[in-house]
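Undergrad: Kindly generate the corresponding structure for this input.
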Amino acid sequence: MKSKTSNYLGRGIHKKRFYDSLTKGNLKQMLIAIKNDNDLDIQIRNNYINIYYNGSNIGKIKGENSIEFDKYYFYIEKKEKLQKDIAKNKDIKDKLEKKKLSHIKKFKNRNYKDYFADSKKIIDKWLEKNSKPERKEQHKISRNNQSSKTDYTIIDLEYQVSRKSDFACTYIPKGKEKPKNPRFDIIAINKKGEVCVIELKKGLGALEGSSGLREHWNCFKESIKQNPEPFIDEMKYLLEQKQALGLIDKQLIIKNSEPKFIFAYSYDDKTAIKNQDDIFNAKVKKINSIIEVIKLTKEKSELIDND
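TA: Numbers count the residues shown, from 1 in each chain. Modelled structure (predicted):
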């Protein structure tokens with residue numbers, strides 16, 4: 001998939017050597033290890049793969065011997081404390097780097113199962129101090145909506161609209177000079193074969209400011225909605241590649257050329273559900289557009305049609 005007006009390739013593994021490794025080389029064993037681990041989620045980017053655990057990226061893969069792992073996951077304190085500690089002790093960075101190199105050596109030695117098991121332990125400790133409730137919820141949703149048997153099948157997370165694409169955003173937020181470079185939480189396909197751009201919000205604190213509902217709607221309206229055809233083409237390419245790699249059911253098909261925008265709301269534990277409903281519904285209504293809403297059940301984190 002290539003943009004008609006630029007060199008933008010979009011989501012997908014476009015390098016033959018990398019793709020061959022995933023289908024018949026060493027990285028095929030990596031995919032098998034991921035498929036056999038119910039805690040892991042894999043997403044394809046532009047010529048690289050991200051592997052997620054509880055919303056944290058535990059591996060950016062660009063080839064058989066190319067993996068990135070954030071060394072700061074070994075720093076078991078809140079991020080706010082990190083810069084202060086580094087300023088006091090410059091050796092901290094070097095120590096974290098050594099731990100990272102020792103860790104990714106398992107991956108490069110093809111010990112994929114051990115690499116993922118150890119990565120999860122590292123992330124669990126890090127999340128004790130650096131909780132990411134919305135990312136964790138997003139991860140659960142992705143894991144629970146991987147089959148065409150569910151109302152929605154997720155094909156991508158954290159989709160960023162590129163300025164190089166044919167549907168680059170034209171929306172300029174108030175007080176800014178340049179168009180927004182929007183990122184949408186979830187891309188899914190429903191049972192009608194429609195591509196759905198889903199913005200997830202968890203709790204009332206996620207409804208204000210730059211992360212508010214209106215700004216996300218404006219970004220969608222002034223990017224993907226303005227020129228949906230190349231976006232749909234990109235999603236078809238991504239879907240076909242994920243199906244070829246055995247990551248998504250082969251019977252899933254994109255049938256509609258008009259993408260839908262949806263807000264998904266996940267309740268927090270701080271406020272009564274009725275109060276959250278009232279506030280969330282009022283904010284959606286203020287946008288003055290007909291926008292579909294999905295309310296997530298706490299038990300399953302499943303995207304379920306309102307029909």
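
Undergrad: Around Lys176, how many other residues sit close by?
TA: Applying other CB atoms under 10 Å, we find 10 residues neighbouring Lys176. (Each C-beta comes from the backbone N, C-alpha and C, glycine too.)

Undergrad: Can you name the helix or strand that it falls in?
TA: Assessed by DSSP states H and E, Lys176 sits outside every helix and strand.

Undergrad: Distance-wise, check it relative to Glu215.
TA: Taking CB to CB, to the nearest Å as the measure, Lys176 falls 11 Å from Glu215.

Undergrad: Same question for Tyr267.
TA: Tyr267 is 22 Å from Glu215, by CB to CB.

Undergrad: Same check on Glu137?
TA: Glu137 is 20 Å from Glu215, by CB to CB.

Undergrad: Neighbour count for those two, which is higher?
TA: Glu137 (22 against 17).

Undergrad: Just confirm the more buried one contacts Ser301, I think it does.
TA: Yes: Glu137 is within contact range of Ser301, at 6.4 Å (criterion: CB atoms under 8 Å).

Undergrad: okay, and the common contacts of the two?
TA: Ser266 (CB atoms under 8 Å, 6 or more residues apart in numbering).

Undergrad: which parts of the strand or helix carrying Glu240 are buried?
TA: Secondary structure assigned from DSSP H and E places Glu240 in helix 228-244. Residues of helix 228-244 classed as buried by neighbour count (16 or more other CB atoms under 10 Å): 228, 230-239, 241-243.

Undergrad: can you tell me which of the residues you listed lies nearest to Phe116?
TA: Lys242 (19.3 Å; CB to CB).

Undergrad: List the contacts of the nearest residue to that closest one once chain neighbours are set aside.
TA: For Lys242, ignoring the flanking residues on the chain, the nearest one in space by CB to CB, 6 or more residues apart in numbering is Ile248 at 4.4 Å. Applying CB under 8 Å, 6+ apart to Ile248 gives the contacts 146, 148, 153, 155, 239, 242.

Undergrad: would you say the second one is within a strand?
TA: Looking back up the chat, that one is Ser148. No: with DSSP: H, G, I helix; E, B strand; the rest coil as the criterion, Ser148 is located in coil rather than a strand.
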